[in-house]
Structure formats: structure tokens, C-alpha cells
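> what follows is a protein structure lacking sequence information:
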């Protein structure tokens with residue numbers, strides 16, 4: 001704009017110097033020139049205002065941008081601090097995990113050693129048990145052999161019957177005493193075997209069969225010490241059956257025929273009870 005105005009003034013000056021313009025033209029030119037100056041001033045003011053507004057706007061924008069940048073820097077700083085703290089926490093946690101891993105590994109090793117030691121002990125115990133079982137089998141075999149040998153002898157077979165009777169096994173006792181009498185009818189223990197055979201029946205409360213066995217003792221072995229004993233038990237069996245007459249008769253015979261026997265005293269007592 002300035003350059004155009006200057007060119008215009010120069011052109012006007014040239015015309016004046018050359019004498020190619022009238023007075024009215026000069027006045028008109030001056031008015032135009034003044035008007036142009038006014039416009040130029042106005043435009044300069046406007047440009048100055050625009051510059052001022054632009055500068056203020058830029059300053060405001062720059063200030064806002066700086067504040068925003070500062071805020072972003074603060075946020076970044078906070079995030080960095082949080083990140084650093086998280087890294088530290090992660091390192092601490094990693095250390096704890098390592099400690100726990102080592103702590104977990106140690107019991108596992110101890111447990112493994114304990115298992116190995118326990119396994120060795122179990123093996124040792126099993127070996128000992130194996131030896132004990134072999135020894136026990138040998139003892140059982142020897143006991144069985146001894147029992148077989150014992151049963152093959154009169155005393156062993158008789159004792160087997162007595163043991164069964166003491167244990168309350170009347171059937172087993174009868175089996176042993178019957179076998180004894182079949183194998184050794186003339187043995188000195190035959191009278192005892194017959195007497196105890198009667199006792200097994202008496203123990204089972206089979207009084208009729210007991211009376212018959214006691215009678216065999218009386219008939220087959222007269223004069224033996226088991227005779228008055230068999231008679232006393234025979235009398236008691238009759239009493240259990242309710243035959244008091246037969247019971248009194250036998251008790252009187254004990255007192256009369258065997259007055260010095262051990263059974264004479266009990267026979268007298270029983271007689272008084274039956275009156």
C-alpha cells in the first residue's frame with residue numbers, strides 16, 4: 001500500500017513539474033492524496049490493532065500451551081514415579097518369590113531324605129520279619145511234629161483229652177479218650193480215660209450216658225481208686241434225673257464198701273440232703 005501511494009505522489013509531482021496539469025487537477029490530486037493518507041493511517045491503525053490482537057492471542061495461546069505442557073509434565077512425572085515404585089515392588093516381590101522357592105525346596109529335600117531313610121528302615125524291618133516268619137514256621141513245624149509224636153504215645157493222647165476237658169471242649173475230650181481206650185484198653189491210664197469219658201457226658205448234662213460210662217468203670221476196673229469216684233458221680237447223675245432212690249442206694253454203698261475213701265465223706269453229706 002505504501003509503495004502504491006509513493007508511486008502516485010511521484011507521478012503527480014512529475015506532472016506538476018512538467019506543467020501538464022491544471023490548478024483544479026492539482027487540487028483534486030491533493031484531496032485524493034489527503035484521502036489516501038487518511039486511509040493509510042486508518043489502515044496502519046487497523047494493522048496495529050490486528051498485530052496487537054494477534055500478539056495477545058499468541059501470548060494467551062502460548063501461556064495456555066505452557067500450562068498444558070506443565071500439566072502434562074507433572075502427569076508424566078507422577079507416572080514415572082509410580083512406575084519406579086512399581087519396579088521396586090516387583091523387585092521386592094521377586095526376592096520374596098525366590099525366598100519362598102528356596103524355602104519350599106528345602107522341605108522337599110528333607111522329605112526326600114526322610115522317604116529314603118524310611119524306605120531303608122522298612123526294608124530292614126521286612127527282612128527281619130521274613131526271618132522271624134521263617135523261624136516261626138520252623139517252630140510251628142517242630143511243635144506239630146512234637147504234637148504228632150505226643151499223640152502217637154498213650155500219655156500224649158490221654159493228656160490231649162485232659163487238656164480239651166479243661167478247656168471246656170467236651171466233644172474233643174471224648175474223641176481223645178475214646179481213641180485212647182480203643183488203642184490202649186489195657187493201659188494203666190485206661191480206668192482214668194473211662195472215668196473222664198463219663199465226666200464229658202456229665203459236663204454236657206447227658207446224665208444217662210454219663211451213668212453208663214461210670215458203670216463201665218465200676219465193672220471193668222473193680223478195686224481201683226476211681227471206682228468210688230465213679231459211684232459218687234453216678235449217684236449225683238441219678239439225683240439230677242430225679243431218681244433219688246437209686247442215688248441213695250449208691251451213696252450208701254460208697255459209705256459201706258469204701259468207708260476210707262475220699263468220696264465216703266461227701267457221700268454221707270449227700271445222703272442227709274436226700275432224706
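Ah, there it is. Remember, it's a predicted structure, so these values are computed and weren't measured experimentally.
> so what's residue 201 up against?
170, 174, 207, 209, 210, 213 (C-beta atoms under 8 Å, 6 or more residues apart in numbering). All C-beta atoms are positioned from the backbone trio N, CA, C, and that covers glycine.
> from the residues you listed, which two are the most distant?
Within the contacts of residue 201, 174 and 207 form the most distant pair, 15.2 Å apart (C-beta to C-beta).
> helices of the protein, start to end?
Using DSSP state H, the helices of the chain run over 2-18, 23-151, 154-166, 170-183, 190-203, 207-220, 226-240, 244-257, 264-274.
> weed out the non-buried ones from the contacts of residue 201.
170, 174, 207, 209, 210, 213 (16 or more other C-beta atoms under 10 Å).
> and of those, the nearest to residue 161?
residue 174 (7.9 Å).
> hmm, residue 199 and the closest one touching each other?
No: using C-beta atoms under 8 Å, residue 174 is not in contact with residue 199; the gap is 9.7 Å.
> nearest spatial neighbour of residue 208, chain-adjacent residues omitted?
Leaving out its chain neighbours, the residue that sits closest to residue 208 by C-beta to C-beta, 6 or more residues apart in numbering is residue 241, at 7.3 Å.
> can you check residue 191 too?
residue 221 (4.2 Å).
> what residues are up against that neighbour?
By C-beta under 8 Å, 6+ apart, the contact set of residue 221 is 190, 191, 194, 227.
> scan those residues and report the most crowded one.
residue 194 (25 neighbours; other C-beta atoms under 10 Å).
> least reliable of the helices of the chain going by mean pLDDT?
For the helices of the chain, mean pLDDT drops lowest on helix 2-18, to a mean of 48.
> and for residue 184, the neighbour number?
Applying other C-beta under 10 Å, I find that residue 184 has 17 neighbouring residues.
> wait, I meant residue 228
With other C-beta under 10 Å as criterion, residue 228 counts 23.
> correct me, but it touches residue 265?
No: counting by C-beta under 8 Å, residue 228 stays clear of residue 265, with 11.1 Å between them.
> quick one: residue 266 and residue 233 touch, right?
No: the pair residue 266 / residue 233 is not scored as a contact, 10.5 Å apart, by C-beta under 8 Å.
> who has more neighbours out of the two?
residue 233 (22 against 16).
> what's the separation between that one and residue 208?
Residue 233 is 13 Å from residue 208, where distance means C-beta to C-beta, to the nearest Å.
> and for residue 24?
According to C-beta to C-beta, residue 24 and residue 208 sit 188 Å apart.
> what's the domain layout of the chain?
What the TED database lists as the domains of the chain is 41-152, 154-273.
> how about the ones you listed, which one is nearest residue 33?
Judged by C-beta to C-beta, the one of the domains of the chain that comes nearest to residue 33 is domain 41-152, at 12.8 Å.
> if we can go back for a sec, wait, which of the contacts of residue 221 is closest to residue 166?
residue 194 (18.0 Å).
> tally of neighbours for the residue lying closest to the closest one once chain neighbours are set aside?
Among residues not flanking residue 194 along the chain, residue 217 sits closest, at 5.0 Å (C-beta to C-beta, 6+ apart). A count of nearby residues for residue 217, using other C-beta under 10 Å, gives 26.
> what do you get for residue 235?
29.
> my guess is the residue nearest to residue 194 contacts residue 193, does it?
No: taking contacts as C-beta under 8 Å, residue 217 lies outside contact range of residue 193: 9.8 Å.
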